Every structure is written in C-alpha cells, then in structure tokens.
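J.: fold the following, please.
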Amino acid sequence: MTETEFLPEVEGIDQKEFDSAKTLVQLLAKTLKSLWLYPKNNPIPQEFKRKLHQSFSDFLDSYEELRLEVKHSQLLYLGKMVYEDQDREEGMAYTLHKDGVRELVFIKGLEYDELADFLETIEIGLKSKELEDDMVTLLWEKDFNHIKYLVVDDLLDVDVPNAEDIPDDWDFSRLLQSEIALSGEAEMPPEQRASQDLALRKKEEQIKELSKKLKEFSSEEIRNIYQLLESDARSRLLEDFFTILEEILITEKDFLEFEALVERIEKVLGWLINVGDFKSASNIIRRLKKFELAARDSLSPTDTGGPRKAERVKKAIDKAGDEEKIKKIGSALNEKEIVDLCGAKEFLLSLNWNSIPGILHLLRDLKHFTARKMVCEVLEEVGRDHVGIVGEGVYDRLWYVARNVAFVLGRIGKEEGVKFLKQIINHPDLRVRKEVIISLTKIQGKESGALLVSALDDQDKGIRILAARGLAQKKEKGAIPALVKIIQSDLFVGTESEEKKQMLESLAVIGEDQVIPFLKKLINKRAWLKRDKHNETRVFAIRALGLMKTQKAGKTLQELAKKRNKVIKQTCQRILRKMDSQPAREIESVKTQ
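T.: Just a heads-up that it's a prediction; the model follows:
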C-alpha cells in the first residue's frame, strides 16, 4: 500500500480553513524555533507554547482535527503545502519523514501538556543527529490521546515505477496460472475448468484485470505478490490437511502411533515457523489446544489414554514456544522483506505461558519499531495472568528492555507489577526511570503512590515534575507531607519555574481545601531578598488556589485580592475573573482523621 492510499479524498478546499491551518502550522514552526534558541525557563518559548495551544484549540473547535500529510521536506494540508523546511535535509518535516511518519493528526481536545510533550519530542529529533531511538519510538512513548500519526515501514515506502520501466513481455498471466496450479486445478481440461463454476470464471477475470494494473509495481513487488499467492494456496491446503489430521488424532487408539503423529505435527510446525507462515502455525496450535482440552475431559470408557494424549499434545505446544523457536521468529521479523506482523502476533498469543521468557528476549534483538511494539502488545495480553514472569524482564542489563517491560507493567496495571518497578525506580538510565514513573501513575494502590512520593527526590528535574504530576493525577493524599516539606525548604524559592509551578499545583489538586491555610501563608510571607523569585512563588501559589474552584478557595482569593501588594492583588483579580467566567462547582472538603 502506498502512502497516498491513506489520505482522505478531498473534492474542494475551503480557503478559510486552509489559511487557518497554514497560519497554525507556521506558528508551530516558530514555537519550535523559540525552543531551539532560548532556555526552557525563558518566558519567550513559554508564551509561544501558550499561544500555540490557544490557536490549536480555536482551530480544532471549528474543524475537529488538523490532518497533515508529511512529505520529505514539506507538510501538506488538504493536499496543499502549509510548511516547507528551509533546509531539505533538516527541519520538522524531514525529521518526521526520515523515520517513517507519513501523516500527523491533531484531534479536538488536545491538552496543553500533550502539545508540550509533542514539541519536546520534535525538539529532541531536531537537535540530535544520532538518536538512540527513532522519532516513531519517541512519539510512541508519549502515548498521546489527541495526537495520532501514521507510520509507513521503509520497505513499503518505495517509489512506484512508471509502466514503461517494466518490460512489455512480462508474463503477468503466470500469476493466475500459478495460483490455479497450486490448488491442483491446472491439470483439468480447459472446457471442464470453464464450466466448473461461474464464480471461478469471475475470479479469473478479476485477476486478469489485476494483471493489467501490475505494471505499476516493481519486479521485486511482483515477486512478493507471487509469494503471497503461494502462501494463500498453502494455507488452504494445510486447512484441509489438518482437518483430516484432527480426525485421526481423535480416533487413534494406539499411543505409539499417536505420538508418532504428534511428532510429525511438530516438524510441520517448525517448518511453518522457518518459512514465516505464522498464520498457519497459529491455526495448528489452536487445533492442538482444542484437542488437549477435549482429551483431558474425555470420559470415554473405550479410550483410557485421554490424559496421556493430552499431556503429549501439551508438550508439543510448549515446544512450539521454546526459546529456539522464538528466536527464529525474531530472525524473520528482522529480515528486510514483508513480514506478517499480525500473523506473528496471533501465533505468539496462541502459545502457552512457557513462551514468555523467549518473547521477553525478543525485545533485545528486534530492529524495527513496529515489531517491538507488537511484542509489547503480546506481553501485555499474556502477562495479565503472569505478571511475575513478565516482571523479571526489568532485571535485563539492556536499558531498553527494562524500559519496555516497565511500559508493559504499566499497561497491565496490576499491583503485582509494583514490586518489579520498585527495583528500577533508581535505574541509572533516565529513560527507564521516566517509564517507571509513567507506569506507577497508571497502577492503583498505596505502594505505587509511595514510590511516586520517593521519586520527588530524584536527581533529575524532569522525573520530579513527572512524579508530582502523577501524584496529582492519582490524588495521592500520602504525598501532602512530602510536597509541603519541599515547598517549605529554603531552596524552593530558587527552584526552576516549571518545577515550582508543578509542585504547588499538585499540592492544591491533592490537598484541596485542606492546604488552603498553608498556601495562604506562603503567599503572605514577606521577603527582603530575591524578591522576583518570591513573587514568582506567590503567583504560582495563587494559580494553584484557582485550580481548586471551591467556595473556600474563592473566598481566600477574594481576601487576598484586597492586599496592598501589587503582585498578589493583580494575580488574584485575574484568577477570580477567570473563575467567574466558568461554571462554579463545589468540591467536598477533605475529611481529616
């Protein structure tokens, strides 16, 4: 499939909509440039981000989504260019395109934090010439809710040659004949085959029509289509074969003959894995599992070997999931040719739990993002009942394996996974620690909350901010003493703006009315030194009060608005105006014991 097939058809272009989109994308580029030129705590990039989010909100409220087509050095909207990199080998479009992103969609409901994370990701891609992770991996890690992207594998992202590039004497009809030959129908006389079935004749016409269009494909793509036809015919033959084989398994009374039959099935399974026919392999596993279940439940007085047969079949299924077989799957997924990822996923999901260690090892060796993502999805599903086995992956010496396992544990969301995340919350690699915090935020329970509280002391500012944000999301009451202690510290006034703001906001969201006296005292605190920093703290504390939207918070803001201090007065008035423009809501006061 070419990338253009993913694009919606557009009959006409609304000029107003197009102009709005172009202005928005240009502002996006300018915001990225400001992040490049200025430090994070500089007010200029912060203001750019604020304006950009507001512009996105306005556009998405009107048009629901912003769908951008990503070219080598351009971004298109409704098929027309809205942005072009100044340097064709650098810039936003090139950075996305080189790693396989072909479409970028921003959806209504886009939050400020999501947009900030997206900008941070693109900034990393622009600044880093040699990323350890590609852009797609970085985007995937963010797990956006309102930003979607379409990835086209490098192998599928090829230029389609013109018809004149393919020889006129290319025998396209052999594709049709080869499919017929594979099913054994080529030996029939022409008149018998023609009268056999009207549907078959219609199918032949369809394939002939396809043959005319095949001049648009390269010779390599023609070979791939030929292989797919062979695979399809093989699948149909195997389906019939194993239907018969299943009957033999059920009726065979002699255990030695039964075991010999199972050994043949094991060999066929190994061969299918070697040739990459995962769909057929998973079909066999499903049939074997069905037989195993029936054999264990068999109460037939004439067949006393049911449990023994069931155990032998289980052994065959376990063998299909041993580490040697899983390694072969990894080799197939790493080959530079079209691989059936859906079939591979289906096969891995069909295996017994003994395959989990081998699947974990795949995370070490897989080269392509799409394959790694598929394996994470498999581990998430099979790991729901085997968290203890999946969790062992956090001890891997490779940082990216530990990170991916932390991601999976978060997606599973069971408290059992917390004990494994605890082992790597102080991992030397920042990327692992970051994933641990994200996963702990998703898992309910006191232990996950306690670990997030401990992360407030992490050496990295970004981790501390992420932990505070996670605690607010969970409304972890146990974090209140730790946050108060941090804010009361003499060092807090000199803390960077982003971190200071998040700590105060998290305290307000978690503590609600309970922490109003503390925030009020902080706002009223007099300072003779570092006045600018103290005023910044006051502003953030007042904004935190505004987040509560309770009657008590509103009254406190009204009291503070009467202060003589200009910073306090003006900030409170601004927050009160903002609160008045929104529907008031009363939040129940926190009950203290």
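
J.: name the nearest residue to Val151, sequence neighbours excluded.
T.: Gly100 (4.8 Å; CB to CB, 6 or more residues apart in numbering). Quick note: C-beta positions are derived from backbone N, CA and C, even for glycine.

J.: ok, that neighbour - how many residues close by?
T.: For Gly100, the count of nearby residues is 22 (other CB atoms under 10 Å).

J.: so for the helix or strand where Lys49 lies, what gets flagged as buried?
T.: Element membership of Lys49 [criterion: DSSP states H and E] is helix 43-63. Using 16 or more other CB atoms under 10 Å as the test for burial, helix 43-63 gives Pro45, Gln46, Phe48, Lys49, Leu52, His53, Ser55, Phe56, Ser57, Phe59, Leu60.

J.: the fifth one: what's it in contact with?
T.: Leu52 is in contact with Leu24, Leu27, Leu28, Thr31, Leu115, Leu119, counting by CB atoms under 8 Å, 6 or more residues apart in numbering.

J.: just the first one next, same as before
T.: Contact analysis of Pro45 by CB under 8 Å, 6+ apart lists Thr31, Ser34, Leu35, Tyr38.

J.: do you know how far it is from Pro517?
T.: 35 Å (CB to CB, to the nearest Å).

J.: shaky segments in the stretch 301-450 of the chain?
T.: For the stretch 301-450 of the chain, applying pLDDT under 70 flags the ranges 301-304, 336-339.

J.: go with 90
T.: 301-309, 331-343, 367-371 (pLDDT under 90).

J.: can I see the domain layout of this protein?
T.: Domain assignment for the chain by automatic domain parsing gives 3-151, 175-217, 242-385, 394-474, 492-593.

J.: go through those and name the closest to Ala482.
T.: Closest to Ala482 of these is domain 394-474 (CB to CB; 5.0 Å).

J.: quick one on the thing from earlier: out of the domains of the chain, which gets the lowest mean score?
T.: Ranked by mean pLDDT, those end with domain 175-217 at the bottom, a mean of 49.

J.: most packed of the domains of the chain?
T.: domain 394-474 (a mean of 20; mean count of other CB atoms under 10 Å).

J.: quick one: distance of it to the chain centre.
T.: Computed by CA atoms, centre = their mean, to the nearest Å, the separation of domain 394-474 from the middle of its chain amounts to 17 Å.

J.: please apply the same query to stretch 242-255.
T.: Computed by CA atoms, centre = their mean, the chain-centroid distance of stretch 242-255 equals 43 Å.

J.: related to what we said a few turns ago, out of the contacts of Pro45, who's nearest Leu351?
T.: Leu35 (45.7 Å).

J.: tell me what the helix or strand containing that closest one is packed against?
T.: In the assignment (DSSP H and E), Leu35 maps to helix 15-37. Using 3 or more CB pairs under 8 Å, 6 or more residues apart in numbering; DSSP states H and E, the elements in contact with helix 15-37 are helix 43-63, strand 65-70, strand 74-77, strand 80-84, helix 92-98, helix 112-127.

J.: angle of it against helix 43-63?
T.: 160 degrees (axes from the mean of the first three to the mean of the last three CA atoms, to 10 degrees).

J.: now the angle from helix 15-37 to helix 112-127?
T.: 60 degrees.

J.: pull the CA atoms of helix 15-37 into CSV?
T.: Only the C-alpha atoms of helix 15-37 are listed here, as CSV (Å, rounded to 0.1, in the frame of the first residue of the first chain):
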residue,chain,number,x,y,z
GLN,A,15,-9.8,28.7,1.6
LYS,A,16,-10.6,30.0,5.1
GLU,A,17,-9.9,26.6,6.6
PHE,A,18,-6.7,26.2,4.6
ASP,A,19,-5.4,29.6,5.6
SER,A,20,-6.2,28.9,9.3
ALA,A,21,-4.3,25.6,9.0
LYS,A,22,-1.3,27.3,7.3
THR,A,23,-1.1,30.0,10.0
LEU,A,24,-1.3,27.4,12.7
VAL,A,25,1.5,25.2,11.3
GLN,A,26,3.7,28.3,10.8
LEU,A,27,3.1,29.2,14.4
LEU,A,28,4.1,25.6,15.3
ALA,A,29,7.4,26.0,13.4
LYS,A,30,8.1,29.3,15.1
THR,A,31,7.4,27.8,18.5
LEU,A,32,9.9,25.0,17.8
LYS,A,33,12.4,27.7,16.7
SER,A,34,12.0,29.5,20.0
LEU,A,35,12.6,26.3,21.9
TRP,A,36,15.8,25.9,19.9
LEU,A,37,17.0,29.4,20.6
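
J.: confirm Leu150 sits in a strand?
T.: Yes. Per DSSP: H, G, I helix; E, B strand; the rest coil, Leu150 lies within a strand segment.

J.: leaving out the residues flanking it, which one is nearest to it?
T.: Closest residue to Leu150 apart from its sequence neighbours, by CB to CB, 6+ apart: Glu103 at 3.7 Å.

J.: wait, that neighbour touches Lys71, no?
T.: No. Glu103 is beyond contact range of Lys71, at 10.6 Å (criterion: CB atoms under 8 Å).
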